[in-house]
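Visitor: Got a sequence here, can you build the structure:
(one chain, ligands or ions: 3)
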Amino acid sequence: MALVTTEKMFKEAYDGGYAIGAFNVNNMEIVQGITEAANELNSPLILQVSSGARKYAKHTYLMKLVEAAVQETDIPIALHLDHGDTFELCKSCIDGGFTSVMIDGSHLDYEDNVALTKRVVEYAHAHGVVVEAELGRLAGIEDDINVSAEDSSYTDPAQVEDFVTRTGCDSLAIAIGTSHGAYKFKPGKEIKLRFDILDEVARRLPGFPIVLHGASSVIPEFVEMINANGGALEDALGCPEPMLREAARGAVCKINIDSDLRLAMTASIRRVFNESPSEFDPRKYLGPGRDAIRDLVRHKITAVLGSDGKA
Ligand code: G3H
Ligand code: 13P
Ligand code: ZN
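Guide: Residues are numbered from 1 along each chain as shown. Ligands and ions are numbered 1, 2, ... in the order given. Here you go, the predicted model:
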C-alpha cells in the first residue's frame with residue numbers, strides 16, 4: 001500500500017467512534033516500534049514529523065524510513081508535518097512527499113491565521129495533500145518555544161464555522177486544556193478538559209474531523225521507571241486515558257502522542273544503563289527502546305484510540 005492522506009481514515013474514524021494515533025517520529029527505532037504495533041493490530045496510522053525532527057534526522061532519511069514502513073506493512077499510513085509554522089515549510093514537505101501537513105497559525109491574529117491557512121490549503125489541495133489547521137492556543141513546549149499557561153487560550157467555538165469555510169482546511173486542532181510535554185496539570189488539582197468546548201465545536205461542524213494535540217497521558221509507570229533509574233521528573237502529569245477514549249468516541253479523529261513515546265523509550269534505556277553500566281553497544285539499549293515504543297503504541301491503539309482492526 002502507498003502512503004495515503006488522512007481523508008478516508010478520518011471519515012471512517014468519525015463514523016466508527018474511534019481515533020487515529022498520530023505518533024511523532026525522529027529516528028529508525030521510533031518508526032519501527034510504532035509501525036510494528038500498528039501493523040500487528042491492523043490499525044491505520046499517522047506518522048508525524050515536527051520541524052525539529054526534520055532538522056535532526058533530515059527530510060530524506062525520515063522519508064525513506066517511512067517508505068520502508070509502508071513497504072513492510074499492509075496498513076494505511078499517512079505522513080504528516082506536525083506544527084508547520086510557515087508556508088515555505090509546508091510547501092517543502094508537500095513537494096517532498098508528505099501526504100498531510102499542519103499549518104499552525106494559532107499564535108497569529110485570527111485574520112492572519114485564516115490567510116496563512118488558506119494559502120497552504122490552496123497549494124496542498126492542488127497537490128493532493130490534506131491540511132490540518134489550529135484555532136486556540138495550547139500551553140507547553142513545541143520546538144523549544146515555551147507557551148505559558150497565561151498565553152494559551154481555549155478555542156472559541158463561535159469562530160470555527162467561519163474559519164473552516166474560509167480556509168478550506170481538512171481537519172482542525174482545538175485547545176480544550178491539553179498541553180504539550182510532560183507537565184500538563186498540577187498535582188492535587190482537578191484535571192479539567194473543556195469537553196463543553198469540544199461538544200460545541202462538534203455541533204457546529206457536523207462530521208468534521210477534530211484533532212487533539214498535547215494528548216500524552218504521561219504514564220506513571222514510565223515516570224517512576226525513569227526516576228528509579230537516576231532520572232528526576234517531579235510532578236509529571238498528563239491527560240487521563242479514559243478522557244481521551246471519550247474524545248475519540250466523538251468528533252476527535254486524530255490524537256497526537258509524542259511525550260509518552262519519549263518517556264517509554266527513555267525509561268527503558270535508562271534501565272539498561274542502570275542495570276548494565278558497562279554496556280556500550282547501541283543495539284543493546286536502542287533495541288529495548290524500540291520494544292518499549294511498540295508496547296506503548298499497542299496499548300494506545302487498544303485502550304485509548306480504539307483503532308485496532310480498522311485498517
Ligand atoms: O508538539 C510538539 C511535538 O511533541 C514535537 O516536539 O518539536 O520537540 O520535535 P519537537
Ligand atoms: P504530547 O507532548 O502530549 O505528546 O503532545 C504531542 C503533540 O501534540 C505533537 O503535536
Ligand atoms: Zn502538537
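Visitor: Dig out what whatever residue of the stretch 1-150 of the chain ends up closest to ligand 2 forms beta bridges with.
Guide: Using Cβ to the nearest ligand atom, the closest approach of the stretch 1-150 of the chain to ligand 2 is made by Asp82 at 4.5 Å. Where you see a C-beta, it was placed from the backbone N, CA and C, and this is true even at glycine. Using DSSP bridges, the bridge partners assigned to Asp82 are Ser50.
Visitor: immediately after the helix or strand hosting Leu198, which helix or strand?
Guide: Assigned by DSSP states H and E, Leu198 falls within helix 195-204. Using DSSP H and E, the helix or strand that follows helix 195-204 in sequence is strand 210-212.
Visitor: Centre-most residue in the protein?
Guide: Closest to where the C-alpha atoms of the chain average out (Cα atoms, centre = their mean) is Asn256, at 2.2 Å.
Visitor: where does it land in three-state SS?
Guide: When classified by DSSP: H, G, I helix; E, B strand; the rest coil, Asn256 comes out as strand.
Visitor: Surely it touches Ile210?
Guide: No - under the criterion of Cβ atoms under 8 Å, Asn256 makes no contact with Ile210, lying 11.9 Å away.
Visitor: Show the contacting residues for Val129.
Guide: Listed by Cβ atoms under 8 Å, 6 or more residues apart in numbering, the contact partners of Val129 are 5, 94, 98-101.
Visitor: Mean confidence (pLDDT) on stretch 201-208, please.
Guide: Averaged across stretch 201-208, the pLDDT comes to 98.
Visitor: now do stretch 127-144
Guide: The average pLDDT within stretch 127-144 is 86.
Visitor: Mind checking if that stretch is in reach of ligand 2?
Guide: No - residues of stretch 127-144 are not located near ligand 2 by Cβ under 6 Å from any ligand atom, the shortest gap being 6.5 Å.
Visitor: So the residue of the chain positioned farthest from its centre: helix, strand or coil?
Guide: Ranking residues of the chain by C-alpha distance from their mean position (Cα atoms, centre = their mean) puts Ser278 at the top, at 35.3 Å. Put simply, Ser278 is coil when judged by three-state DSSP.
Visitor: gap between it and ligand 2?
Guide: Taking Cβ to the nearest ligand atom, to the nearest Å as the criterion, Ser278 is separated from ligand 2 by 33 Å.
Visitor: And the pLDDT for that residue?
Guide: 98.
Visitor: ditto for the one 5 residues further on
Guide: What the model reports as pLDDT for Arg283 is 98.
Visitor: What of Phe273?
Guide: Phe273 is assigned a pLDDT of 98 by the prediction.
Visitor: returning to what we had before: list the contacts of the residue nearest to the centre of the chain.
Guide: With Cβ under 8 Å, 6+ apart, Asn256 has these contacts: 22, 24, 48, 82, 211-215.
Visitor: Which one of those residues sits in the busiest neighbourhood?
Guide: Ranked by neighbour count (other Cβ atoms under 10 Å), those have Ala215 at the top, with 31 neighbours.
Visitor: That residue contacts Cys239, doesn't it?
Guide: Yes - at 5.6 Å, Ala215 counts as touching Cys239 under the criterion of Cβ under 8 Å.
Visitor: which residues are common contacts for these two?
Guide: Thr178.
Visitor: if I look at Gly230, how far off is Leu296?
Guide: As judged by Cβ to Cβ, to the nearest Å, Gly230 and Leu296 stand 21 Å apart.
Visitor: Of those two, give the one with the bigger neighbour count.
Guide: Neighbour count, other Cβ under 10 Å: between Gly230 and Leu296, Leu296 has more, with 27 against 10.
Visitor: Flag every buried residue along stretch 228-235.
Guide: In terms of neighbour count (16 or more other Cβ atoms under 10 Å), stretch 228-235 has its buried residues at 229, 231, 233.
Visitor: tell me the contacts of the last one?
Guide: For Leu233, the set of contacting residues under the criterion of Cβ under 8 Å, 6+ apart consists of 182, 223, 226-227.
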